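Q: sharing a model prediction with you, sequence too.
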Amino acid sequence: MAEDLIADLKTLIVTRLKMDIKPEDIDPAAPLFGEGLGLDSIDALELVVGIERQYGIRIADAEVGRQAFASVNALAEFIRAKKAAK
Amino acid sequence: MRIDDPAAWIPHRPPILSVDAVEVDEPGVRGRGLKRFEAGDPWLAGHFPGNPVVPGVAMIEGAAQSAAIVLLAAKGRGGGGFLADVSKFRFKAPVVPPADLTFEVAVAGVFGALCKVGVRVLRDGAPVAEGELVLSASPQ
């Protein structure tokens, strides 16, 4: 289940941001921004929109987003916690 | 609410001020800008001599200004804004003046200072362009 969510998030990142890599090439522990995948703030907004549409979870606060977007693993943990709290 | 003095809300001035009025359905969420392009509009001076067509960039700018006012309406005061991204724009038909355009704008997501906005540009109710913008409340 946890692995499924991580795989789904990798696919969401690659498709939503039109990245020229395979989802399985993303290291789930690597930072999404700066070093690592090298995403920027506009990419973050695109992921926020995608996550809200796919999982019904809103991330409007940039501070929350910084923690959630630390890595794919962190994002999966954030989504699991939000779903559990619903 | 209807805003008939866009210059009171955003810093743009002629010839770049690209919206005449904005109808705000839900402040910070959705609304529409209204703009009449005449053959003598500064946007059209060189686009094209003797054959005026509203440039796509003028429609993007009009939509961005409309969206900025819809967002600022939620704060109840004017301010600045910056265009951070333009994507998925398609222009379906040439717009020959005189033309009354409607810039329909709807917020699709917000993250920090950034806001993603879906845009449809209508002429006489028919879409002539659509796309997505990202506006930023700060220059960085």
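A: Structure's in. What do you need?

Q: enumerate every residue touching the residue of chain A found nearest chain B.
A: As assessed by Cβ to the nearest Cβ, chain B sits closest to A:Ala62 within chain A, at 3.3 Å. The C-beta positions use only the backbone N, C-alpha and C, and glycine is treated the same way. When contacts are counted by Cβ atoms under 8 Å, 6 or more residues apart in numbering or on different chains, A:Ala62 touches B:111-113.

Q: ranges for the strands of chain B?
A: Taking DSSP state E, the strands of chain B run over residues B:2-3, B:21-26, B:30-37, B:82-91, B:99-111, B:114-123, B:126-136.

Q: which of those strands sits closest to chain A?
A: Closest of the strands of chain B to chain A is strand B:99-111, at 3.7 Å (criterion: Cβ to the nearest Cβ).

Q: just checking, what packs against that closest one?
A: helix A:41-55, strand B:30-37, helix B:56-75, strand B:114-123 (3 or more Cβ pairs under 8 Å, 6 or more residues apart in numbering or on different chains; DSSP states H and E).

Q: now with 10 Å, please.
A: Where contact means 3 or more Cβ pairs under 10 Å, 6 or more residues apart in numbering or on different chains; DSSP states H and E, strand B:99-111 is packed against helix A:41-55, helix A:62-68, strand B:21-26, strand B:30-37, helix B:56-75, strand B:114-123, strand B:126-136.

Q: show me what contacts A:Asp40?
A: Each residue near A:Asp40 by Cβ atoms under 10 Å, 6 or more residues apart in numbering or on different chains is listed here: A:33-34, A:46, B:84-85.

Q: please, a PyMOL command that selects the buried ones among these?
A: Selection of buried members from the contacts of A:Asp40 for PyMOL, criterion 16 or more other Cβ atoms under 10 Å in any protein chain shown:
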select buried, (chain A and resi 33+46) or (chain B and resi 84+85)
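
Q: between the contacts of A:Asp40, which is closest to B:Pro55?
A: Nearest to B:Pro55 among those is B:Asp85, at 19.1 Å by Cβ to Cβ.

Q: circling back to that earlier point, tell me the most buried of the helices and strands packed on strand B:99-111?
A: Most buried of those by mean neighbour count (mean count of other Cβ atoms under 10 Å in any protein chain shown) is helix B:56-75; its value is a mean of 23.
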